[in-house]
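Chemist: fold the following, please.
(chains A, B, C and D)
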Amino acid sequence: MKQVFLKITKNEHLTKDVLKMVLKGDVSDIKAGQFVNIKIEGEYLRRPISVCDLGKNTLTLIYKVVGKGTEIMANMKKGEVLDVLTGLGNGYDLSCAGERPLLVGGGVGVPPLYLLAKELKKQGKDITVTLGFNTKDEIFYEKEFSKLGKVFVTTVDGSYGIKGFVTNALENVDATYFYSCGPEPMLKALSNATKISGELSFEERMGCGFGACMGCSCKTLTGNKRICKEGPVMKKEEIIW
Amino acid sequence: MKQVFLKITKNEHLTKDVLKMVLKGDVSDIKAGQFVNIKIEGEYLRRPISVCDLGKNTLTLIYKVVGKGTEIMANMKKGEVLDVLTGLGNGYDLSCAGERPLLVGGGVGVPPLYLLAKELKKQGKDITVTLGFNTKDEIFYEKEFSKLGKVFVTTVDGSYGIKGFVTNALENVDATYFYSCGPEPMLKALSNATKISGELSFEERMGCGFGACMGCSCKTLTGNKRICKEGPVMKKEEIIW
Amino acid sequence: MVDTKVNLLGIELDNPIIPASGTFGYGYEFAEFYDINMLGTFSFKGTTKEPRFGNPTPRIAECTAGMINSVGLQNPGVEKVIAEELPKLKKVFNKKVMANVGGFSIDEYKEVCEKLDKEEQVGWIEVNISCPNVHGGGMSFGTDPKSAFEVTKEVKKVTTKPIIVKLSPNVTDIVSMAKAVEDAGADGVSLINTLLGMRINLKTREPVIKNVMGGFSGPAIFPVAVRMVYQVANAVKIPVIGMGGIATAEDVIEMMMAGATAVEIGAQNLIDPYASKNIIEDLPRVMKKYKITSLKELIKGE
Amino acid sequence: MVDTKVNLLGIELDNPIIPASGTFGYGYEFAEFYDINMLGTFSFKGTTKEPRFGNPTPRIAECTAGMINSVGLQNPGVEKVIAEELPKLKKVFNKKVMANVGGFSIDEYKEVCEKLDKEEQVGWIEVNISCPNVHGGGMSFGTDPKSAFEVTKEVKKVTTKPIIVKLSPNVTDIVSMAKAVEDAGADGVSLINTLLGMRINLKTREPVIKNVMGGFSGPAIFPVAVRMVYQVANAVKIPVIGMGGIATAEDVIEMMMAGATAVEIGAQNLIDPYASKNIIEDLPRVMKKYKITSLKELIKGE
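Modeler: Residues are numbered from 1 along each chain as shown, chains lettered A, B, ... in the order given. You can find the predicted model right below:
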């Protein structure tokens, strides 16, 4: 964990409710699947946001406006400096990927898969990505992922791509391992629909985000875990649904 | 009372602890001796600051850094917009001045006398001003007042002007009426030292500043008064010391 | 169109917004700022038998997201309220007002309530048994269920209008307090009054408030208020007026989801004279956002 | 040079700053962020006889200037704390630690305290009779003077180290609680634990916290904490550890002026992992500003 002060260089809408924020500064020690915890003026608790992409000195976050904290974030301007705790959470385990990893993201669960996909691509993996959204207007980052692997998009209302849920796009996929992030019902359906092993990234309301308060604990087959510390990424085999 | 949004055009130190802030916007209905109540981001209660000067669209405040609220004010930048309640308090009664009014201010009690002096000057009065400070470094606005009347400055440590308190400068003053603002011990000493009638402006911790909460009440010979509404200016004759 | 109307003990309010006692004077001062007929109603300054100056100053202290006051029921006394304040109010307010009553003995509560009960402008009487700033009774009525029962029962004997008892949060068991006054015949309860709080001036090393302690209010206390309103609304059958730190229309909705039939706005009126007006005007937007067609649907038992 | 040292029940602390139980784990995690030997000491995670997962999630809610938690004493149980956590702590902390003990029965409190009392690393035992998040006893010990007296008396029988009883603010009369545990032999008291609070999610219309209510902490509760510390410090002869919303070195000074011998820092550690460190480093500046040469001069009776 590291406390850093990052300057906003971009904060723009990708869709009506989803924004992309690019921050500049010390972003060392950040891994795919981790999150950062941002101090927001006027709110008491920091807001945890998953890491979407990483450059040499830049960090990209994609977040959805869901409450007061993210509303304030959405109104932040270029040039503002944020107090950010980085390097939080365990991140994805790239060593398990095999030759043909499958990445499955739903809604705001999509962003953390992007850095993961880039890193798996660097390792020469044959990547398949399945992105699930409610409707066409909510889709983002399809093009970006297309540069890294084969992409399937599903929409619940069928307004784009395959109609239905991410699990509807898995039938012909022959993958060695899966990585996923999204709402819990999606993760559960995915876990049930796949015979292969994989990793799932969970969300929970957090107090501190760095393991101190035990606010975000969950029970697993391998003992109690803190979503913010031993998570947010869990192995399929250890999850108690 | 009026709620207005004023833009800071100047915010600079006059002395180590005393700053002058100039605000631009709708400053109608403000009188000498009144105060404004400023919303300060991060603080709950507004901060009441006495009116020092008034232009067509500008309001000048002089304030001392005494706590968190004024510390925040001291760090405000040109261009920031403040939520200000204006036209608060009764203000001085100019009709009582007579031909030779005496204005007596101590420390941060000096500023409200400036607008008063300007208005009395407009009426052609022969003004004497006595300004009391602790020490030379704390003196401000001597030059400004000199353009409006005869000015005596006192310092407690004798580092400038007359050594002692404002009352030490009254001996040879032949005034028709006095107007004053300053710490309560000064006001009391002044009241005792003068045979003429006059008005004194008081300070009290306020809740609302517009008469609703009764936080700043005081007893007078003419009944209970709210410093923020029937005050801050009281007649010498009604004060219970 | 959304419907903001609620019914408070037989009187329909255009909306559930009620400026709280002690933050709205006797109303006519706020009428200089806006037309106060837009309010649901308001609860006027706590009124006692005799005129009171209240506590020595300073009686205000700044806090994080709140303030402390120790005004101590300054008011002109019930006779003058009836003779002077109510007539002045009548000129600017054509709705029923909530009469707030403070006291130091059961007899005093009875006498003041009986007098105000006869006033045509008064729609409800809010009996404040919880002012933290008066000694010699006010607070102990608010922290002892038996005393609360007694004062409620006696006041009910001499009044015809709905009696709403205002409860103190400075108790171990708010539910037992609410049940006691319900058993005594209270028509409703309002809560929470202020939390007892204190600040110290680091320069003088003395309490900021001359009276040492005072009533702490503002957004800081909102979670305590929501909790107590929820507990009480689930334990009594009479309507609950929720208050304590409400600053936005969202807070109003949250308080009503906790079980309140109407809400009082307190400290927020002091830092923003237009607070109650702004909340009323913002309510329809917030109701739409959370898909609430009528506020009545949020109220338990309706 | 200013002197930040204070003496807490026979052990000299380099400064009065003590991260509060439940916000600092068993210490070694914060040792990754800074050298925790700079602390006065810290109070470790509330420890019970058996391992506990605590309450269902969500167990955190955002509030204005504060937060609600309903963790519910998640901990690995006293055996594992002694076998695993304390040895890990020893590697990074060479001072005495404050052992925080939770429980559901007098026997459990006794057993856990007796075990921890034997640990050389433990300097004080803080008996938490006030956790708002556990049912079946924890809270009633904290709101009933007789139960508080009993548990204190029994714990004192089986321990040799100073016993500090942690009090709940959710009571009508904090002084009677403090006096009860003083009479039972407590060596000190610490207060305030969290206020019982609640928030509702407007979208789901359900409580944010799965357990409905939880403990409310953060700067919002500071004025209540100062008031209670002041009341207790003026009523008992044993030292008082002040806590509740402390976020700055100024708050530390204010709490000590209210009567605290030392202070605990709680929620602030969660929003800023360096909070306790920053406060310690800022203390000398604030002491100079308010012309305090030694913190001991602020402590009543010293």
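
Chemist: where does the stretch 1-150 of chain C dip in pLDDT?
Modeler: Along the stretch 1-150 of chain C, segments meeting pLDDT under 70 span C:131-139.

Chemist: the nearest residue to residue A:152 once chain neighbours are set aside: what's it in contact with?
Modeler: Spatially, and ignoring its direct neighbours in sequence, residue A:152 is nearest to residue A:169 (4.1 Å; CB to CB, 6 or more residues apart in numbering or on different chains). Backbone N, C-alpha and C define where each C-beta goes, glycine included. Contacts here follow CB atoms under 8 Å, 6 or more residues apart in numbering or on different chains; on that basis residue A:169 touches A:130, A:132, A:152, A:154, A:161, A:162.

Chemist: now residue A:169. Its backbone dihedrals?
Modeler: Summarising the backbone geometry of residue A:169 under the convention degrees, to the nearest 10, its torsions are phi -100, psi 10.

Chemist: where does pLDDT dip in chain A?
Modeler: For chain A, no stretch is flagged by pLDDT under 70.

Chemist: all helices of it, in order?
Modeler: Across chain A, reading from the start of the chain, the helices by DSSP state H fall at A:68-74, A:111-122, A:142-146, A:184-193.

Chemist: give the buried residues for the top strand by length along chain A.
Modeler: Using DSSP state E to assign secondary structure, the strand with the most residues in chain A is strand A:2-13. By neighbour count, with 16 or more other CB atoms under 10 Å in any protein chain shown as the criterion, the buried positions of strand A:2-13 are A:3, A:4, A:6, A:8, A:11.

Chemist: who's residue 12 bridged to?
Modeler: Reading this off chain A. residue A:20 (DSSP bridges).

Chemist: hm, I was asking about chain C
Modeler: Using DSSP bridges, the bridge partners assigned to residue C:12 are residue C:7.

Chemist: so it sits right up against residue C:5, yeah?
Modeler: Yes. Residue C:12 lies in contact with residue C:5 (CB atoms under 8 Å); the separation is 5.8 Å.

Chemist: neighbour count winner among those two?
Modeler: The neighbour comparison of residue C:12 against residue C:5 (other CB atoms under 10 Å in any protein chain shown) goes to residue C:5, with 13 against 9.

Chemist: for the longest strand of chain A, which helices and strands make contact with it?
Modeler: For strand A:2-13, the packing partners by 3 or more CB pairs under 8 Å, 6 or more residues apart in numbering or on different chains; DSSP states H and E come out as strand A:18-24, strand A:81-88.

Chemist: minimum distance to residue D:35: which of those has it?
Modeler: strand A:81-88 (18.9 Å; CB to CB).

Chemist: so what are the sheet partners of that closest one and their directions?
Modeler: Its sheet considered, strand A:81-88 pairs with strand A:2-13 (antiparallel), strand A:35-38 (antiparallel) by DSSP bridges.

Chemist: show me what contacts residue C:24?
Modeler: B:212, C:30, C:42, C:43, C:44, C:45, C:269, C:276.

Chemist: quick one: pLDDT of the last one?
Modeler: The predicted structure scores residue C:276 at 98 on the pLDDT scale.

Chemist: quick check, the lengthiest strand in chain C touching chain B?
Modeler: Looking only at chain C and at elements set by DSSP E, the strand with the highest residue count is strand C:122-128. No. Contact between strand C:122-128 and chain B, assessed by CB under 8 Å from any CB of the partner chain, is absent, since the two come no nearer than 14.8 Å.

Chemist: what does that strand contact?
Modeler: Taking CB under 8 Å, 6+ apart as the criterion, the residues outside strand C:122-128 that touch it are C:8-9, C:11, C:21, C:41, C:43, C:46, C:95-102, C:109, C:113, C:116-117, C:138, C:151-152, C:155, C:159, C:161-166, C:187-188, C:190, C:193.

Chemist: inside helices: which ones of those residues?
Modeler: Counting by DSSP H, the contacts of strand C:122-128 contribute C:109, C:113, C:116, C:117, C:138, C:151, C:152, C:155 to helices.

Chemist: need the residues you listed in JSON lines (columns: neighbour count).
Modeler: Formatted as JSON lines, the entries for the ones in helices among the contacts of strand C:122-128 read as follows, by neighbours: other CB atoms under 10 Å in any protein chain shown:
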{"residue": "C:109", "neighbour count": "28"}
{"residue": "C:113", "neighbour count": "26"}
{"residue": "C:116", "neighbour count": "23"}
{"residue": "C:117", "neighbour count": "17"}
{"residue": "C:138", "neighbour count": "24"}
{"residue": "C:151", "neighbour count": "26"}
{"residue": "C:152", "neighbour count": "26"}
{"residue": "C:155", "neighbour count": "27"}
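
Chemist: would stretch C:61-73 count as contacting chain A?
Modeler: No. Contact between stretch C:61-73 and chain A is absent, the nearest approach being 9.6 Å (criterion: CB under 8 Å from any CB).

Chemist: just how off-centre is that stretch within its chain?
Modeler: Relative to its chain's centre, stretch C:61-73 lies at 15 Å (CA atoms, centre = their mean, to the nearest Å).

Chemist: and the residue of chain C closest to chain A?
Modeler: Taking CB to the nearest CB as the measure, the point where chain C comes nearest chain A is residue C:250, at 8.8 Å.

Chemist: not counting sequence-adjacent ones, nearest residue to the most centrally placed residue in chain A?
Modeler: Taking CA atoms, centre = their mean as the criterion, residue A:112 is the residue nearest the geometric centre of chain A, at 2.8 Å. Spatial nearest neighbour of residue A:112, chain neighbours left out: residue A:50 (4.1 Å); criterion: CB to CB, 6+ apart.

Chemist: how long is stretch A:208-226 end to end?
Modeler: Distance between the boundary residues of stretch A:208-226 (CA to CA, to the nearest Å) amounts to 11 Å.
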